[in-house]
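Colleague: Provide a 3D model corresponding to the input given below.
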Amino acid sequence: MKNILKQLTLSTLFAFTVIPALQAEEVLLDRVAAIVNNGVVLESEITELIATIKARAEKNNQSLPSDKALRIQVTEKLINDTLILQIGDRMGVQVSDAELDETLTNMASDSKMTLDEFRQSIVADGANYERYRESVRTELISGQVTRASVQRRIYIPSQEIANLLSSMKEQTNNDVDYHLGHILIEFPTNASAEEMESQKIKADKVIELLNNGSDFTKIAMSSSGASNALTGGDLGWKNINEMPTLFSKLVEGQSKGEVVGPIRTGLGFSIVKILDIRGRQVVEIEEVKASHILITPTVILSEAKAESMLQGYLEQVINGEATFEELAKAHSEGPSAPNGGDLGWAEAKIYDPIFKDALATMKINDYHKPFRSSFGWHIVELTGRRTIDATKQMNENRAYQMLYSRKYGVEQARWIKETRDEAFIEVFESAK
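Modeller: Residues are numbered from 1 along each chain as shown. As a prediction, the model looks like this:
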């Protein structure tokens, strides 16, 4: 297999221009930079991504590592992307043009632009918009495949959530979030004692550079073996409980700007910098208690007739001829009919947008005139509105997410490492 791929590589390595009568010079149009199973990474892909990163760094006035170090990181990313896309192809993961357009529209909106303005800004930065568009599709597919593959590896028992909730209550700084940067000095597969010691020396040197004022982002991009190296090792904001235990013990109580480590893990030596610190606020939510009567139009029952019926029921309630509960039990087609239309206490945001908007205009004990939602025609009675402390509920959800986040990063790194170990990968030296 390896020999066949090598022959294929050599046979596809060069393309030639039409040779004029007096000229026989070979012109390199593209070359295979790496073989990844039955796929390849082209030199043009590496060159284009490097150019994009350099343009972005120049625009943001950001320093970059050497061209050699940047090329290594870019090549590694493209190899990983190729592996993940191959898995996605086997899984049948696809992103339609409609989904892609929606994502691009949201990206434009986040930048306070229309989609056309967003496209023009991409072109103005010197990029090919169609290639940029396809790169976004690749990232979406990669994200779906990675989440699906890693989620299957994560199990969080209820006792683990309970234990974390208990420890959260005991911590004095559980209202503090840390913005972390991470550099991983990675162990080679089946590393010897000498190789591990060599990586330890390298990690100590990185810490020395950081403590002497070297740029964290630049060092992360050139030296880190973590999957987020090209983003400067940014781990984002994390509560002490979301971090791996080894991290949390060193980070807890430290000040902004501190560098901690090296921390030995199963993947290598980790170095963490505290980029920023912030407090966390108590979360409160508003809930509403409402009842409704739902009539769904059919081929036999017209929209106008459904609206008219509900208007009649509403007049009966207002005139004291029947209670809302009685009419809901007798005529509502919703699942809450047996309970007299009572929907119980809930956040308004869980309802159909039109239903939610109707509730927002009402006062307690108000009735809303008939209106149409995606489910049919309604009349609504608002019986209560309250603001509650959702700390317990939110803490339970947060505890689960903390544990998931803590395990996800480790499992993602293990998954991509195992995937690479099982793959056929051959990287060719740069022609430069």
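Colleague: list the helices and strands the helix or strand hosting residue 120 packs on?
Modeller: Secondary structure assigned from DSSP states H and E places residue 120 in helix 115-124. Helices and strands touching helix 115-124, by 3 or more CB pairs under 8 Å, 6 or more residues apart in numbering; DSSP states H and E, are helix 97-110, helix 129-151. (C-beta placed from N, C-alpha, C; glycine too.)
Colleague: Residue 417 should be in a strand, yeah?
Modeller: No - checked against DSSP: H, G, I helix; E, B strand; the rest coil, residue 417 lies outside a strand; its state is helix.
Colleague: I'd say it and residue 227 touch.
Modeller: No - shown here, residue 417 and residue 227 do not form a contact pair, counting by CB atoms under 8 Å, at 10.0 Å.
Colleague: okay, now the domains of this protein?
Modeller: Taking automatic domain parsing as the domain assignment, the ranges for the chain are 177-279, 284-389.
Colleague: Could you list the low-pLDDT ranges of the stretch 251-400 of the chain?
Modeller: Where the stretch 251-400 of the chain drops to pLDDT under 70, the residues are 253, 280-283, 389, 391-392.
Colleague: right, and the helices and strands packed on helix 115-124 - which one's nearest residue 318?
Modeller: helix 97-110 (43.4 Å; CB to CB).
Colleague: Need the mean per-residue confidence for that closest one.
Modeller: Helix 97-110 shows a mean pLDDT of 90 in the predicted model.
Colleague: residues touching residue 412, list them.
Modeller: By CB atoms under 8 Å, 6 or more residues apart in numbering, the residues touching residue 412 are 146, 150, 227.
Colleague: and it, that's in a helix?
Modeller: Yes - secondary structure assignment (three-state DSSP) places residue 412 inside a helix.
Colleague: okay, now the nearest residue to residue 342 once chain neighbours are set aside: neighbour count?
Modeller: Spatial nearest neighbour of residue 342, excluding adjacent residues (CB to CB, 6 or more residues apart in numbering): residue 291 at 4.9 Å. For residue 291, the neighbour count with other CB atoms under 10 Å is 22.
Colleague: What helix or strand is residue 291 located in?
Modeller: strand 284-295.
Colleague: Please name every helix or strand in contact with the next helix or strand after that strand.
Modeller: Going down the chain from strand 284-295, the next helix or strand is helix 303-318, by DSSP H and E. Of the remaining helices and strands, those touching helix 303-318 by 3+ CB pairs under 8 Å, 6+ apart are strand 284-295, helix 324-331, strand 367-372, strand 377-389.
Colleague: and the ones you listed, which is most packed in?
Modeller: With neighbours taken as mean count of other CB atoms under 10 Å, those reach their highest mean count in strand 284-295, at a mean of 20.
Colleague: partners of that strand, with directions?
Modeller: Note on strand 284-295: by DSSP bridges, its sheet partners are strand 342-346 (antiparallel), strand 377-389 (antiparallel).
Colleague: Report the inter-axis angle for the shortest one versus helix 324-331.
Modeller: Comparing the axes of strand 342-346 and helix 324-331 via axes from the mean of the first three to the mean of the last three CA atoms, to 10 degrees yields an angle of 120 degrees.
Colleague: Touching the helix or strand just after strand 342-346 from outside, list them.
Modeller: Going down the chain from strand 342-346, the next helix or strand is helix 353-360, by DSSP H and E. Counting contacts by CB under 8 Å, 6+ apart, the residues outside helix 353-360 that touch it are 288, 290, 292, 348-349, 351, 368, 371-374, 378, 380, 382.
Colleague: just those residues now: which is nearest residue 154?
Modeller: residue 349 (27.7 Å).
Colleague: need the contact list for the closest one.
Modeller: By CB under 8 Å, 6+ apart, the contact set of residue 349 is residue 356.
Colleague: Centroid-nearest residue for the chain?
Modeller: When the chain is reduced to its mean C-alpha position, the nearest residue by CA atoms, centre = their mean turns out to be residue 143, at 7.3 Å.
Colleague: sorry, back to before: buried residues in the helix holding residue 120, which are they?
Modeller: Burial within helix 115-124, assessed by neighbour count using 16 or more other CB atoms under 10 Å, is assigned to 118-119, 122.
Colleague: wouldn't residue 99 be in contact with residue 144 here?
Modeller: No - in this structure, residue 99 sits apart from residue 144 without contact. The criterion is CB under 8 Å, and the distance is 10.4 Å.
Colleague: Those two: who's more crowded?
Modeller: Neighbour tally, residue 99 and residue 144, criterion other CB under 10 Å: the higher count belongs to residue 144, 16 against 12.
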